[in-house]
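Novice: with the input below, show me the fold.
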Amino acid sequence: MASNTEKRQHTIVVGVRMTDEEHATIMQKAGDCGLTLSAYFRACALGRKTRSVTTSRVLDALTILGNEQRRTSGLIKHLRGEDFRSASERAALMGQIEAAQRAVIEAIRRVDNAG
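Specialist: Prediction:
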């Protein structure tokens with residue numbers, strides 16, 4: 001079975017003149033986006049947004065961070081009625097909050113490492 005790439009063949013070859021430095025810079029930018037040189041040129045020329053792989057990892061980590069912060073906030077709200085909770089229920093909630101805080105710290109580390 002032929003892949004989509006094999007089905008959609010690009011048939012026109014375009015030559016581009018550039019310096020060695022320009023070539024190195026463009027190759028680096030294409031690589032940062034996880035694209036081939038041809039795919040990078042097409043994306044830029046057609047006005048498509050290109051996103052570096054690092055940026056994608058940062059955005060993914062920030063999404064996880066936001067989710068964990070919302071979860072922590074929700075758990076803390078449950079503690080407001082702690083007068084009506086047993087000691088074991090409060091301890092379970094505190095354990096969940098501590099786990100969420102660890103997840104937030106790990107998400108921050110992922111942002112640091114991705115950037």
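Novice: so which strand or helix has Q28?
Specialist: helix 20-33 (DSSP states H and E).
Novice: remind me what that helix packs against, helices and strands.
Specialist: When contacts are defined as 3 or more Cβ pairs under 8 Å, 6 or more residues apart in numbering; DSSP states H and E, helix 20-33 packs onto helix 37-45, helix 53-79. Every C-beta, even on glycine, is put in place using the N, C-alpha and C of the backbone.
Novice: quick one: average pLDDT of that helix?
Specialist: For helix 20-33, mean pLDDT is 92.
Novice: ditto for stretch 58-68
Specialist: Stretch 58-68 comes out at a mean pLDDT of 79.
Novice: chain center to that stretch: distance?
Specialist: Offset of stretch 58-68 from its chain centre (Cα atoms, centre = their mean, to the nearest Å): 8 Å.
Novice: buried set for it?
Specialist: Neighbour counts over stretch 58-68 (16 or more other Cβ atoms under 10 Å) mark V58, A61, I64, L65, E68 as buried.
Novice: export it as PDB, just CAs?
Specialist: Extracted in PDB, the C-alpha atoms of stretch 58-68 (Å, rounded to 0.1, in the frame of the first residue of the first chain):
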ATOM      1  CA  VAL A  58       7.100  23.700  25.900                       C
ATOM      2  CA  LEU A  59       3.500  24.100  25.000                       C
ATOM      3  CA  ASP A  60       2.700  20.400  25.900                       C
ATOM      4  CA  ALA A  61       4.400  20.900  29.300                       C
ATOM      5  CA  LEU A  62       2.600  24.100  29.900                       C
ATOM      6  CA  THR A  63      -0.700  22.400  29.100                       C
ATOM      7  CA  ILE A  64       0.100  19.700  31.700                       C
ATOM      8  CA  LEU A  65       1.100  22.400  34.200                       C
ATOM      9  CA  GLY A  66      -2.200  24.200  33.700                       C
ATOM     10  CA  ASN A  67      -4.200  21.000  34.200                       C
ATOM     11  CA  GLU A  68      -2.400  20.100  37.400                       C
END
